[in-house]
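K.L.:
can you look at this prediction? I've put the sequence above it.
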Amino acid sequence: MTNNNIFLNTYEDPRTLRTKKALHKSLSNKLKYKKLKQISVSEITDQANINRSTFYLHYSNLDDLYLEIEEYLYEQYQEKLKEFQAKIDFMKIDQQSLETEEAELLKQTFAFLQINKEYSAVILEESSANSFLNKIVKQGEKVYLLKQKTKLAPSDKVETKYSYTFTSNGLVAVIKQWLADGMIESPEEMSKLAYKLLYL
């Protein structure tokens, strides 16, 4: 079950938490039908049953609200993977270990997205150059490049440099398609498919 308070600072006043929760939900719902730049503050506040003046107590504009949601999503993802990332940093670098860790990272990522499916419209929004999906896929770069270096000759530095940019863009496209289709396949199915596609 999704925690509806995942974006909210529990040290804030309860009234503020309720207000932000309502605004997060309202923006998430509107993004299912419109791009962020097409949505007005009035649409968000009317749906959330909150005064415009209250909105402006917390945010300068809708970009601020969107970025807050994206930021807290990313922080939650980071928190869930902190121990996992530490293991990658200090693990023994061998092909089998890297394959295991990379497959696990993909599974964790798809599971995280499914748990937070009510915010899929926010995740799919591309209002910033460094979108949420691009940031979380970036987490796999270290594992991917380590794995590639075990396979490529020392002279293949250019290939190593650009290989993750190429594959990560494809992975982002796969995730977007899965989200847009309603996440029909399980995280386990998607992680196996993504891993296969990465190394066709």
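P.N.:
Looks like it came in fine. Numbers count the residues shown, from 1 in each chain.

K.L.:
got the contact list for residue 180?
P.N.:
Going by C-beta atoms under 8 Å, 6 or more residues apart in numbering, residue 180 touches residue 124. Placement of C-beta: from N, CA and C, glycine included.

K.L.:
can you tell me how far it is from residue 110?
P.N.:
14 Å (C-beta to C-beta, to the nearest Å).

K.L.:
could you look up the SS state of residue 15?
P.N.:
Per DSSP: H, G, I helix; E, B strand; the rest coil, the secondary structure class of residue 15 is helix.

K.L.:
give me the buried positions along the host helix or strand of residue 175.
P.N.:
The secondary structure element spanning residue 175 is helix 157-180 (assigned by DSSP states H and E). Going by neighbour count (16 or more other C-beta atoms under 10 Å), the buried part of helix 157-180 is 160, 163-164, 167-168, 171, 174-176, 178-179.

K.L.:
likewise for stretch 177-191?
P.N.:
By 16+ other C-beta under 10 Å, the buried positions in stretch 177-191 come out as 178-179, 187, 190-191.

K.L.:
again, but for stretch 48-60
P.N.:
With the criterion 16+ other C-beta under 10 Å, stretch 48-60 contains buried residues 48, 50, 54-55, 59.

K.L.:
now the buried residues of helix 157-180 as JSON lines including pLDDT and distance to residue 79?
P.N.:
Output for the buried residues of helix 157-180, formatted as JSON lines (pLDDT from 0 to 100; distance: C-beta to C-beta, whole Å):
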{"residue": "160", "pLDDT": "71", "distance to residue 79": "30"}
{"residue": "163", "pLDDT": "78", "distance to residue 79": "29"}
{"residue": "164", "pLDDT": "78", "distance to residue 79": "24"}
{"residue": "167", "pLDDT": "82", "distance to residue 79": "26"}
{"residue": "168", "pLDDT": "83", "distance to residue 79": "22"}
{"residue": "171", "pLDDT": "88", "distance to residue 79": "22"}
{"residue": "174", "pLDDT": "93", "distance to residue 79": "24"}
{"residue": "175", "pLDDT": "92", "distance to residue 79": "20"}
{"residue": "176", "pLDDT": "92", "distance to residue 79": "24"}
{"residue": "178", "pLDDT": "95", "distance to residue 79": "23"}
{"residue": "179", "pLDDT": "93", "distance to residue 79": "21"}
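
K.L.:
mind putting those residues into JSON lines with distance to residue 21?
P.N.:
Formatted as JSON lines, the buried residues of helix 157-180 follow (distance: C-beta to C-beta, whole Å):
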{"residue": "160", "distance to residue 21": "44"}
{"residue": "163", "distance to residue 21": "41"}
{"residue": "164", "distance to residue 21": "37"}
{"residue": "167", "distance to residue 21": "37"}
{"residue": "168", "distance to residue 21": "32"}
{"residue": "171", "distance to residue 21": "31"}
{"residue": "174", "distance to residue 21": "31"}
{"residue": "175", "distance to residue 21": "26"}
{"residue": "176", "distance to residue 21": "26"}
{"residue": "178", "distance to residue 21": "26"}
{"residue": "179", "distance to residue 21": "22"}
